[in-house]
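**Q** structure, please.
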Amino acid sequence: MALSDGAGSVSGSEEAASITTDVIVHRLTEEFDILYEMSTQQISKILLDEIRIRVNKETDVKAACTVLFFARAKDGRAIYGHLGDGMIFADGESGDRVLSYPENGDEPNQTFFVSHRNAEQRFRVTKGNDFSYNVVLLCSDGLSELLYNNEHHRIAKAVSIMSRWIQSYTEQETKELIDRELEEMFSRYSNDDMSIAMMSFGSEV
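**A** Prediction:
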């Protein structure tokens with residue numbers, strides 16, 4: 001599962017974001033076991049190198065996009081990574097938590113992209129063999145800012161509510177519920193991009 005948010009100020013960044021998610025999903029689906037045996041630094045370099053090569057080959061734009069991804073094997077091994085803003089949440093029997101926080105630059109509304117010269121150092125890749133959460137949510141910056149209160153370090157109840165949806169309803173029903181909430185509720189509070197990808201172990205939205 002992967003989510004990439006293109007920079008709105010850069011022409012063609014949506015295409016670069018689409019290529020980014022294609023590369024991540026393909027690599028993690030086809031080569032999870034191989035990647036898991038590598039260091040996190042090696043994983044970061046392999047993914048970023050392939051993304052940049054494909055973006056340069058298939059487009060005439062920079063890879064001006066953030067990256068969030070998560071993959072889990074049946075035996076509980078997991079690899080997840082994050083470059084730039086947005087957040088990764090997880091929910092399980094012990095409650096919800098933040099797996100990865102946003103990383104922004106020195107200026108307001110500044111973040112780090114695949115095209116950044118120091119992206120390898122900024123791409124935070126984590127792996128482990130005891131991942132026990134039932135649901136993972138990848139959220140772009142517009143939505144994550146509404147789902148997490150920085151002042152009180154508190155996750156909104158909506159995270160656990162959406163987690164219950166994906167475990168209780170069909171994929172189509174879950175999509176409809178989320179689309180409705182994004183349109184009717186969250187859009188009142190933000191004009192920024194509000195993308196979300198969710199996975200329960202058995203389904204994905």
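
**Q** all strands in the chain, in order from the N-terminus.
**A** For the chain, the strands defined by DSSP state E occupy 2-3, 67-72, 78-83, 87-92, 95-100, 124-128, 135-139, 148-149, 154-155, 196-200, 203-204.

**Q** what's the closest of those strands to Gln110?
**A** Across the strands of the chain, the minimum distance to Gln110, taken as C-beta to C-beta, is reached by strand 78-83, at 13.7 Å. (C-beta placed from N, C-alpha, C; glycine too.)

**Q** can you list contacts of the closest one?
**A** Applying C-beta atoms under 8 Å, 6 or more residues apart in numbering, the external contacts of strand 78-83 come out as 28, 32, 35-36, 43-44, 47, 66-72, 88, 99-100, 103, 112-114, 119, 122-129, 131, 136.

**Q** that older thread, for the strands of the chain, give me a markdown table that also has distance to Ile53.
**A** Shown next, in a markdown table, are the strands of the chain (distance: least, C-beta to C-beta, whole Å):
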| stretch | distance to Ile53 |
| --- | --- |
| strand 2-3 | 17 |
| strand 67-72 | 15 |
| strand 78-83 | 17 |
| strand 87-92 | 26 |
| strand 95-100 | 25 |
| strand 124-128 | 19 |
| strand 135-139 | 24 |
| strand 148-149 | 34 |
| strand 154-155 | 37 |
| strand 196-200 | 24 |
| strand 203-204 | 27 |
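
**Q** worst-scoring helix or strand of the chain, pLDDT-wise?
**A** For the chain, the helix or strand with the lowest mean confidence is strand 203-204, at a mean of 59 (criterion: mean pLDDT, DSSP states H and E).

**Q** still on that earlier bit, please list only the buried members of the contacts of strand 78-83.
**A** If you count burial by 16 or more other C-beta atoms under 10 Å, the buried members of the contacts of strand 78-83 come out as 28, 35-36, 43-44, 47, 66-72, 88, 99-100, 103, 112-114, 119, 122-127, 131, 136.

**Q** out of the strands of the chain, which gets nearest to Gln172?
**A** Counting by C-beta to C-beta, Gln172 lies closest to strand 203-204 out of the strands of the chain; the figure is 10.8 Å.
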